[in-house]
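Asker: Quick one, fold the following:
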Amino acid sequence: MDSMVNHYTANKRLRSTDAYTPGNKAGYRPDYATTVYSNILKNLYPEIPIIIGGIEASLRRFTHYDYWKNSLMPSILVDSKADMLIYGMGEKPIKAIINNLRQDKNIKQLKNIPQTAYLANEYKNNKNFINLYSHELCVNNKLKYAKNFAIIEKESNKYEGKVLIQKINKDFLIVNPQNKPLTEHELDSIYELPFTYLPHPKYIKKGNIPAYEMIKYSINIHRGCFGGCSFCTISAHQGKFISSRSEKSILQEVDKIKSLPDFKGHITDLGGPSANMYKMEGINMQLCKKCIRPSCIYPSICKNLNIDHLKLTNLYKYVETAKGIKKLSIGSGIRYDLIYNNKQNKYKKNGLNYLKQLIKNNVSGRLKVAPEHTEKIVLDLIRKPGFDLFIKLQNEFKSINTNSNLKQQILPYFISNLPGCTLRDMGLLSAKIKNLHVHPEQVQDFTPTPMTLSTVMYYAGINPYSGEKIFSSKTIKERKIQKLFFFWYLKKNKPIIIQYLKKLGLNQLIPTLYS
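Answerer: Predicted coordinates for the structure are as follows:
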């Protein structure tokens, strides 16, 4: 996690807890942790090369908007003084670096390793290079910064990208293209390493680590996400193409988890960035290699995408019937548009069967889904399907629960203050979810994080693809009022919401919310 997201709320208030620290205690790591630690090491050991990686480094590899400083920052390589940056999932590049260093090569000689970036005094241009606008030009021109992002996103989503170059002061940032997606065998070999599945022993007497407690009995079955949501950084980090593990490897991990201390027979997740993208890939991969769509499922599902849920449904059945397993629940969010937005009849039946299996057997009381918003103007900007699909899912969920004599809840996740979202949109949202008898719990304010389309639209006020101007709530007051509309049912919010509905000319919504 980016240290600034970890430390501060969307309203820039310091958090009082830290789920990644024993005892849930805040304050154990500095802001901009990668930069701080790298500088300390450089001062202590100036002759030793430093390689940075992880979410914070990965998503700050180019010129990026920093919400907490409210300014554009250069590549993290500049301030961290690191010699090299690994972006994305780093197993392949770190092995390539180590193999080169074992051959007595200097780190300054390692120029062509995929998924790495470095600063250079000069470079030789060729047809496989793309020159971006310089950092200085981006600082002085928001449109150039936005245009840079469109190029970066397209190249990051390609099967085979190009080298990206950005001038920063007198130096040049060189970002090599990503590796090809991992094969099943490669992904299996990573997860079959001898992990302990436990926190480091030095934390034993310091209290539970909440983030670990949440995932300690869960299993990662695939990587990547082809959803392309504009506020999300998964594809920028893990890539658009799905890499899936074999059933054999996953079942072997089930056996390992069964031996963990205090395991009572409940696997809490078989998932990934999205729960139901396992084994989904292009039917004709040659077409995928030419594709530059940021999303394979928005505005419509690609006809070349295999979205068959059968292998995933069978995997759930194998795991939940394994010896020693009493319950399998799915904690990752599902993309229900893969089931309902599907116009390919050959996959429809298996998609609906998956949904029935999930709701009847694999929900731990609450099914988490993320419609994000109700209004089309906002949903289009974040590359999400229409709200009508959520209504369809809610009806199906209720029907299956009734027929199976289950008492489960569906828990929708919503975001306020997304780019393009106005108070009027929030007023309409509150009325629609009230009519569905939804009292939101899982809500958040949009937080602009590095390397997302939504962040670019927030900062630049421009959609880099269409050039249209985009409104965003910028002040803390504006942001707080938008979020208030999620909680119309709280008595203290009623007079404020009525006041704003009248100002917006939405008087007709008042009896809907407060009949």
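
Asker: now the strands for the stretch 101-250 of the chain?
Answerer: Remark: strands of the stretch 101-250 of the chain, listed N- to C-terminal, are 116-120, 129-131, 163-168, 171-175, 218-220, 222-223, 243-244; assignment by DSSP state E, counting those that start in this stretch.

Asker: Tell me how many other residues crowd Gln252.
Answerer: Other residues within reach of Gln252, judged by other Cβ atoms under 10 Å, total 14. No exception for glycine: its C-beta is placed from N, CA and C like everyone else's.

Asker: wait, Tyr87
Answerer: Per other Cβ under 10 Å, the neighbour tally for Tyr87 reads 27.

Asker: Give me the distance between it and His237.
Answerer: Here Tyr87 is placed at a distance of 7 Å from His237 (Cβ to Cβ, to the nearest Å).

Asker: intersection of neighbour lists for those two?
Answerer: Counting by Cβ atoms under 8 Å, 6 or more residues apart in numbering, the residues touching both Tyr87 and His237 are 58-59.

Asker: so Lys384 makes contact with Cys229?
Answerer: Yes. Contact criterion Cβ atoms under 8 Å: Lys384 and Cys229 qualify, at 6.4 Å.

Asker: Quick check: neighbours shared by the two?
Answerer: Glu372.

Asker: okay, the two: which has more neighbours?
Answerer: The residue with more neighbours, out of Lys384 and Cys229 and counting by other Cβ under 10 Å, is Lys384; that gives 27 against 22.

Asker: Give me the pLDDT value at Ile209.
Answerer: Reading off the confidence values, Ile209 has pLDDT 97.

Asker: What of Gln344?
Answerer: Gln344 is assigned 66 on the pLDDT scale.

Asker: One more: the one 10 residues further on?
Answerer: The confidence metric pLDDT takes the value 97 at Tyr354.

Asker: Identify the residues contacting it.
Answerer: By Cβ under 8 Å, 6+ apart, the contact set of Tyr354 is 276, 309-310, 312-313, 339.

Asker: Scan the residues you listed and report the most crowded one.
Answerer: Counting neighbours by other Cβ under 10 Å, His309 leads the contacts of Tyr354 with 27 neighbours.

Asker: what's the distance between the spatially closest residue to Ser430 that is not a sequence neighbour and Asn493?
Answerer: In this structure, Ser430 finds its nearest non-sequential neighbour in Phe485, 4.5 Å apart by Cβ to Cβ, 6 or more residues apart in numbering. In this structure, Phe485 and Asn493 are 8 Å apart, going by Cβ to Cβ.

Asker: pretty sure Arg424 contacts Leu506?
Answerer: Yes. Using Cβ under 8 Å, Arg424 is in contact with Leu506, at 6.8 Å.

Asker: Settle it for me: which of Phe485 and Asn493 has more neighbours?
Answerer: A count of neighbours by other Cβ under 10 Å puts Phe485 above the other of Phe485 and Asn493, at 26 against 15.

Asker: and that one, what pLDDT?
Answerer: According to the per-residue confidence, Phe485 scores 97 in pLDDT.
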